[in-house]
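> quick one: sequence plus predicted model below, questions after.
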Amino acid sequence: MADFDLHKFLINDQPYTFLFEVIVRVFIAYIVVFTFLKISGRRGVQQLSLFEVVIILTLGSASGDVTFYDDVPVLPVILVFVVLLMLYRLTTLAMSKSPALSKLIEGEVVTLIAHGKYVSANLDKLNISEDEFLMELRHDGAEHLGQIRLGLVEVDGQLSLYFYQDEDVVPGLSVLPAEHRPCFTVMPDDDLYACNRCGLTKNLRSGEQCRCPECDRNVWSRALRSVRT
């Protein structure tokens, strides 16, 4: 077994003075990325669209290389940043002139909830699990869909909810976890139920089996009527 080489383990073949160069390289990369974010007009990651996330990941790759590889010169990396910034500006300008191009690159706002139930045609457009989506609704203070007048998925993936006033709340599908939202294919008693797929509400009788007339699913939960607290 070869002897353990602490110097090689810590810094490989570089002298310890290279650590100072790493500090300088990280500082330069930090300034360039920060400058890009300031010029782009964004305040935080949550405001970034998919297009901008791609730009940031590209910048991150370039800045990562320059920070700790001694054979990567700084000026070409800075040129990469400058070219990316120019491309970003040109692309955003073209997007402002062409709605079709903007839709292609950034996507569009998706209406997911309207009038207390899901918009079935848009459910499959979202690449998100049901549990994750229901968690987002709960974080925004929703207990059931009937409390929500309008729910939009923005181009950056954020969820925008517009709630009914208490007097306008309608019965709706519970967004609570499974243990608080029993599901049925055979109704246990007469009650108002909500389709687990689209949120359509329907009065069903004890022992009845029913397929949803809107989405053709056959799993139901008791509709909730509570207002927001």
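All right, it came through fine. Residues are numbered from 1 along each chain as shown.
> quick one: the strands in the chain, in order.
110-114, 117-118, 148-153, 159-163, 183-184, 191-195, 201-204, 220-222 (DSSP state E).
> nearest to residue 3, out of these?
strand 159-163 (57.5 Å; C-beta to C-beta). C-betas here are computed from N, CA, C, even on glycine.
> outline the domain layout of the chain.
Following the assignment in automatic domain parsing, the chain carries domains at 9-104, 110-222.
> need the pLDDT of the residue nearest the centre of the chain.
For the chain, the residue nearest the mean C-alpha position is residue 157 (3.6 Å; C-alpha atoms, centre = their mean). Residue 157 carries a pLDDT value of 74.
> how close does it sit to residue 136?
10 Å (C-beta to C-beta, to the nearest Å).
> repeat that for residue 56.
Distance, residue 56 to residue 136, by C-beta to C-beta: 23 Å.
> residue 84 reaches residue 55, doesn't it?
Yes. Residue 84 lies in contact with residue 55 (C-beta atoms under 8 Å); the separation is 6.1 Å.
> what's the closest non-adjacent residue to residue 81?
residue 32 (4.7 Å; C-beta to C-beta, 6 or more residues apart in numbering).
> and the one you found, how many residues sit next to it?
Here the number of neighbours of residue 32 (other C-beta atoms under 10 Å) works out to 21.
> that one is in contact with residue 78, isn't it?
Yes. Between residue 32 and residue 78 there is a contact under C-beta under 8 Å: 6.5 Å.
> which ones are touching the closest residue to residue 213 other than its chain neighbours?
Once flanking residues are discounted, residue 213 sits nearest to residue 200: 7.2 Å by C-beta to C-beta, 6+ apart. Contacts for residue 200 (C-beta atoms under 8 Å, 6 or more residues apart in numbering) come out as 117, 194, 212, 213, 214, 215.
> what's the pLDDT at the first one?
This points to residue 117. 92.
> what's across from it in the sheet?
Taking DSSP bridges as the rule, residue 117 bridges to residue 114.
> number the residues from 47 up from this point.
In the new count, where the first residue is 47, that last one comes out as residue 163.
> separation between it and residue 240?
Applying C-beta to C-beta, the value for residue 163 to residue 240 is 8 Å.
> so what sits against both of the two?
191, 218, 219, 246, 247.
> okay if I get these as a markdown table plus pLDDT and distance to residue 73?
Below are the shared contacts of residue 163 and residue 240 laid out as a markdown table (pLDDT from 0 to 100; distance: C-beta to C-beta, whole Å):
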| residue | pLDDT | distance to residue 73 |
| --- | --- | --- |
| 191 | 95 | 50 |
| 218 | 95 | 53 |
| 219 | 95 | 52 |
| 246 | 94 | 58 |
| 247 | 95 | 59 |
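> pretty sure residue 183 sits against residue 207.
Yes. If you go by C-beta under 8 Å, residue 183 and residue 207 touch, sitting 7.4 Å apart.
> the two - which one has more neighbours?
residue 183 (21 against 17).
> what sits against that one?
Residues in contact with residue 183 (C-beta under 8 Å, 6+ apart) are 194, 197, 205, 207, 221.
> isn't residue 250 right up against residue 257?
No. Contact between residue 250 and residue 257 fails when scored by C-beta under 8 Å: they sit 11.3 Å apart.
> more neighbours, those two?
Neighbour count, other C-beta under 10 Å: between residue 250 and residue 257, residue 250 has more, with 20 against 12.
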